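**Q** Here is my input, please return the structure:
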Amino acid sequence: MANKNNRVKTTNDLDLKDRLVAINRVTKVTKGGRTFTFAAIVVVGNENGIVGWGLGKANEVQAAIAKGVEAAKKNLIEVPVHKGTIPHEQAAKFGGSRVILKPASTGTGVKAGGAMRAVLESVGISDVLAKSKGSSNPHNLVKATIAALGEMRSPARVAQHRGVSVEKVFKG
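**A** Numbering: from 1, shown residues only. Modelled structure (predicted):
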């Protein structure tokens, strides 16, 4: 289903749900007056380890959202979710935004702000501690969060790489 860098090859049998993260009205001043267009950043996921983001631009809000969803479906990655949380701590940076994701115990919930929350809930993570530093631009936050999730390694992959059992990975 996913290749070496966690990219998902097919979207046929996935039940993807979309979430609108941000919508931006862009104004272009022309000789004939002002022209308004819309840019929408959208996150899609199946709430079971698959997530992607997309940017859509159009003259109407609904068209921009639809284009964003289509772009997100072409940009899916697979994320290891272990017992409703992430397997290990991970940090990432995109542009001026920095994000830090930490695993949390059951019942903690998603402790994250707007754009990060949309990505984490779309993946299907129910317990995580997240912190964003630097720029709060939703575009950069979404991209940094996806980058952090894309670098995650599953416990099975870590065990295989080390040549030990999965139980030994968690014992330390």
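
**Q** Could you use CA atoms for every contact and neighbour count after this?
**A** Fine.

**Q** quick one: low-confidence ranges for this protein?
**A** Within the chain, the segments meeting pLDDT under 70 span 1-5, 9-13, 170-172.

**Q** ranges for the strands of it?
**A** Assigned by DSSP state E, the strands in the chain fall at 17-30, 33-45, 50-58, 76-78, 90-94, 97-103, 110-111, 128-134.

**Q** quick one, what contacts Pro87?
**A** Pro87 makes contact with Pro80, Val81, Pro103, Met152, Arg153, Ser154, Pro155, according to C-alpha atoms under 8 Å, 6 or more residues apart in numbering.

**Q** How about the contacts made by the residue nearest to Gly54 when sequence neighbours are not counted?
**A** The shortest distance from Gly54 to any non-neighbouring residue, by C-alpha to C-alpha, 6 or more residues apart in numbering, is to Ala72 (3.9 Å). Contact analysis of Ala72 by C-alpha under 8 Å, 6+ apart lists Val42, Val43, Val44, Gly52, Trp53, Gly54, Leu55.

**Q** For those residues, pick the one with the most neighbours.
**A** Compared across the contacts of Ala72, Val43 has the highest neighbour count, 32 neighbours, by other C-alpha atoms under 10 Å.

**Q** didn't that one look like it was pressed against Gly52?
**A** Yes: the criterion here is C-alpha atoms under 8 Å, and Val43 meets it with Gly52 at 5.8 Å.

**Q** So which of the contacts of Pro87 is the closest to Val128?
**A** Proximity of these to Val128 (C-alpha to C-alpha) peaks at Pro103, which lies at 5.0 Å.

**Q** Ok, which of the strands of the chain comes nearest Leu141?
**A** Closest to Leu141 of the strands of the chain is strand 97-103 (C-alpha to C-alpha; 5.8 Å).

**Q** Any chance you could list what contacts that closest one?
**A** Residues from elsewhere that reach strand 97-103 (C-alpha under 8 Å, 6+ apart): 85-93, 127-137, 140-141, 144-145, 148.

**Q** Just the buried ones among those residues, please.
**A** 85-87, 90-93, 127-130, 132, 136, 140-141, 144-145, 148 (16 or more other C-alpha atoms under 10 Å).

**Q** who does the residue nearest to Arg25 when sequence neighbours are not counted bridge with?
**A** With C-alpha to C-alpha, 6+ apart as the criterion, Arg25 has its nearest non-adjacent residue at 4.6 Å, and that residue is Phe38. In this entry, Phe38 is beta-bridged to Arg25, Ala58, by DSSP bridges.

**Q** Could you check how far Phe38 is from Thr27?
**A** Applying C-alpha to C-alpha, to the nearest Å, the value for Phe38 to Thr27 is 9 Å.
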